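*Asks:* here are the coordinates; sequence isn't available:
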């Protein structure tokens, strides 16, 4: 996988690989430093990675980094930014006049009544989807038009942007070590996470898996589940 | 200052004290642990705090914490959340139906042409301000009406909220240690910071100053400035 | 439990409560902020805490803090300091002339041949234990005597301390939020952790449990275990 | 500068470059993302880096990383580990039988009576230096001999190591982003820092400067100094 490799998602969004540091071998190297024991070949190294992951020896995975360039809606970025262990740069709406790029879903989901923060794909008519989409598009277009009018009247960008909706696209550089990246995957690839951030997280995962196949294999093989202890 | 003390700002926003841990004496205690030397009275303790701050011995200030409850617009929270050293809980727009509370400035600022991310208070007519305000209010009202319509049509809250603008109010619990709090003050009370976050940061500062007068005095007495070295 | 409460451990070590912020109710409050829903009484609040813990909603637990004062051997502190989310002050061996307090175990453990970083309590004679203890004591006494001689010769404390062994006692102030504290407990109460840090972690846990009984109950009820997925 | 480049220091210690991610251009790229403005050539990019550093726009510097492999005495590592923003792996004295490598200074410094945690190079006789060195060497040799005896008696490595002195060598992998690396340099290249950590930090700096010449130039050009404000 070469730098610049791009996965389009949440059109016109994308996840692009900017750079990475280290390979699976770096994880092995960092772990073997603790033990002062030399490598015994690929099969043994691969097993070591699985052992480290399974037994929560997380620090060797922090020796590798991936930097992504991501274009995504503001409300998804608002969820991603809560992961404080990434290193982040973001497009400034104080500095830059925003273009009219907003996220509109293809399929509209209805409220999940059991999980109050969730949503469901329901069997609604094609017209229903068209109606919701038209209302969202009209609203965003009107907001964007008002934004331009405010700018033309001389209002500062940092003020005019206040009326822009949270499905506006932003762009980030985001640098993660593998341990904290995998922790984010666990939370954001979960079916409780909002579909839109799962799509972004999946694209980030696909790049991760290409770059660190042994680590990704260990991640997929083992799952941390909660167990209720009897008294 | 008692818990629950509230400073209204960015109406209907506020900064409220939920709790704090330690006093100036805790900072002194933590510092004296390093030296194994007993206190020599208040004047000497106050001087020690000034010395610690001036000489960047930051760790004793991390032994005290303040928890705030803050109601503020989403775009201000988007700046505040970048300070990764706070511990944060936030109102969920996935879970909760939002009320129609948006931030509208009293005074509209024009674009600063020198500082491209800044704004200026200009000598505009009263009518001009009224016009900008009306446009922002109308736009937000229309967006909110569309939000309600989407909800009534059965669209999930996590989707309907996508068209809400970033001047919508949110609410947080935010827990800081004093060292990282003062670092945030330095960046967000600066005149380059957007007025709206300066107002929030100032209210946070006022509470901090009341609780930790010696530390606040040291903070105000010393300023870290950049110096250009000759070759 | 009152501030100053002290649990002696690894004699002459101890774990002492300096302060704490919040109670189980603060966790509940921070969680309910996200949902904007009022409390429905104690039983329901207790269940909410169990739900949050079980489902890895970790941020409400970050709103509470405990500050400990701990006296412990340097090598145990060397393990504890790896938990980067605490806020820490430590006795300075550059500044302070150290007293001759070293940790000597009551029971000497033999090398575990299966777990190369572990140890086992073996069926050795009383004499064997006495012999090991005498050798350790004699060595530490000789090192300490050399330390004093270096100081008397005028050698700086920061240099003389270089020959002091890692069972020397140090003292810290250590401030944790509950989420990161519980994460540390999971790693350091585990049977793979060295006995000495488990003893310290257990004393920290006992204080935590007294202060936050509902959170501690949730912690003890649920365990995150690794599951191997079939292909 | 190629990977594996090694600077011997605190013999038999060293600082070795394992890997790095990004160049000065990455810092520029990350900063320009915020502004959506294209590069105007090298001179302008270099000025941008100086501007960012001078004005504390620190986040673009977090997009680059350096991984070092360092061999250093335990007491120096005890200072370095306090910088919580690095990602760290360390040789385990629980797992590995240690070799008899200890740090002995060439020149012994006397206690600074003004700065109680500092030391001074004094005009002592050659004999004096030889005496201090012999005492330290004899003490460490005796401790190491006792360590081997304990191991031979069957005592677990994690227990036997308790009597090893803090000038024992350890080895780490240490991964830093540039912002936090430069912050560490400011604290550890300062003349108040112990000479031994300054030597390590200087070698880390030399590698940093080779890899990121524009950033290092900005770092050296600007200094943040404390200013006392009049009332």
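*Replies:* Perfect, I can see it now. None of the values given here were measured: they were computed from a predicted structure.
*Asks:* Spell out whether the helix or strand containing residue A:186 and chain C are in contact.
*Replies:* Assigned by DSSP states H and E, residue A:186 falls within helix A:178-188. Yes. Part of helix A:178-188 sits near chain C under the criterion Cβ under 8 Å from any Cβ of the partner chain, namely residue A:187. The way it works is simple: take the backbone N, C-alpha and C, and place the C-beta from them, glycine included.
*Asks:* buried sites along that helix?
*Replies:* Burial within helix A:178-188, assessed by neighbour count using 16 or more other Cβ atoms under 10 Å in any protein chain shown, is assigned to A:178-185, A:187-188.
*Asks:* what do you get for stretch A:82-102?
*Replies:* Buried-residue list, stretch A:82-102, by 16+ other Cβ under 10 Å: A:82-83, A:86-96, A:98, A:101-102.
*Asks:* now for those residues, which pair is the farthest apart?
*Replies:* Greatest spatial distance among the buried residues of stretch A:82-102 (Cβ to Cβ): A:87 and A:102, at 27.4 Å.
*Asks:* show me the contacts for residue A:73.
*Replies:* Neighbouring residues of residue A:73 by Cβ atoms under 8 Å, 6 or more residues apart in numbering or on different chains: A:10, A:13, A:102-103, A:166-170, A:196, B:162.
*Asks:* which residues does the nearest residue to it once chain neighbours are set aside contact?
*Replies:* Excluding its sequence neighbours, the residue lying closest to residue A:73 (Cβ to Cβ, 6 or more residues apart in numbering or on different chains) is residue A:103, at 4.1 Å. Residue A:103 sits next to A:10, A:13, A:73, A:167, A:169, A:196, B:162 when contact means Cβ under 8 Å, 6+ apart.
*Asks:* Spatially central residue in chain A, please.
*Replies:* The centre of chain A sits closest to residue A:201, judged by Cα atoms, centre = their mean, with a distance of 3.6 Å.
*Asks:* Spatially nearest residue to residue A:21, not counting backbone neighbours?
*Replies:* Residue A:21 sits nearest to residue D:21 (Cβ to Cβ, 6+ apart), 3.9 Å away.
*Asks:* what's the angle from the longest helix anywhere in chain A to helix B:126-152?
*Replies:* The helix that spans the most residues within chain A, counting by DSSP state H, is helix A:126-152. Comparing the axes of helix A:126-152 and helix B:126-152 via axes from the mean of the first three to the mean of the last three Cα atoms, to 10 degrees yields an angle of 160 degrees.
*Asks:* near chain D, which residues of chain A?
*Replies:* For chain A, the residues in contact with chain D (Cβ under 8 Å from any Cβ) are A:18-22, A:26, A:29-31, A:33-36, A:59-60, A:62-63, A:65, A:67, A:69, A:87-92, A:95-96, A:171-173, A:175, A:177.
*Asks:* What ranges does chain A have for its helices?
*Replies:* Remark: helices assigned in chain A by DSSP H are A:24-35, A:42-54, A:74-80, A:126-152, A:157-160, A:178-188, A:195-211, A:213-221.
*Asks:* at contact distance from chain B, anything in the longest one?
*Replies:* Yes. Shown here: helix A:126-152 in contact with chain B (Cβ under 8 Å from any Cβ) through A:128, A:131-132, A:135-136, A:138-140, A:142-143, A:146, A:149-151.
*Asks:* Please work out the average pLDDT along that helix.
*Replies:* Mean per-residue pLDDT for helix A:126-152: 97.
*Asks:* Flag every buried residue along it.
*Replies:* By neighbour count on 16+ other Cβ under 10 Å, the buried set for helix A:126-152 is A:128, A:131-132, A:135-136, A:139-140, A:142-144, A:146-147, A:150-151.
*Asks:* Over to the second one?
*Replies:* Residues of helix A:42-54 classed as buried by neighbour count (16+ other Cβ under 10 Å): A:45-46, A:48-50, A:52-53.
*Asks:* Same list, the residues you listed, but as JSON lines with pLDDT please.
*Replies:* Shown next, in JSON lines, are the buried residues of helix A:42-54 (pLDDT from 0 to 100):
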{"residue": "A:45", "pLDDT": "96"}
{"residue": "A:46", "pLDDT": "97"}
{"residue": "A:48", "pLDDT": "96"}
{"residue": "A:49", "pLDDT": "97"}
{"residue": "A:50", "pLDDT": "97"}
{"residue": "A:52", "pLDDT": "97"}
{"residue": "A:53", "pLDDT": "97"}
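*Asks:* returning to what we had before: out of the helices of chain A, the one nearest residue A:4 is which?
*Replies:* Of the helices of chain A, nearest to residue A:4 by Cβ to Cβ is helix A:195-211, at 11.3 Å.
*Asks:* Which strands or helices does that closest one pack on?
*Replies:* Secondary-structure packing of helix A:195-211 (3 or more Cβ pairs under 8 Å, 6 or more residues apart in numbering or on different chains; DSSP states H and E): strand A:6-8, strand A:14-21, strand A:65-73, helix A:74-80, helix A:178-188, helix A:213-221.
*Asks:* Can you name the residues that contact residue A:194?
*Replies:* Residue A:194 touches A:76, A:79, A:119, B:94, B:158, counting by Cβ under 8 Å, 6+ apart.
*Asks:* that older thread, out of the buried residues of helix A:126-152, flag the one nearest to residue B:228.
*Replies:* Distances from residue B:228 to the buried residues of helix A:126-152, taken by Cβ to Cβ, are shortest for residue A:151, at 36.2 Å.
*Asks:* Isn't that closest one up against residue A:161?
*Replies:* No. Using Cβ atoms under 8 Å, residue A:151 makes no contact with residue A:161, being 9.3 Å away.
*Asks:* State the distance from the nearest residue to residue A:154 once chain neighbours are set aside to residue B:121.
*Replies:* Leaving aside its sequence neighbours, residue A:154 sits nearest to residue B:110 (Cβ to Cβ, 6+ apart; 4.5 Å). Residue B:110 is 8 Å from residue B:121, where distance means Cβ to Cβ, to the nearest Å.
*Asks:* Which one of those two is surrounded by more residues?
*Replies:* residue B:110 (18 against 11; other Cβ atoms under 10 Å in any protein chain shown).
*Asks:* where in chain A is pLDDT low?
*Replies:* A:1, A:231 (pLDDT under 70).
*Asks:* tell me which parts of it are close to chain C?
*Replies:* A:35, A:54-56, A:82, A:116, A:187, A:220-229.
*Asks:* Show the buried residues in the residues you listed.
*Replies:* Judged by 16+ other Cβ under 10 Å, buried ones among the residues of chain A next to chain C: A:56, A:82, A:187, A:221-222.
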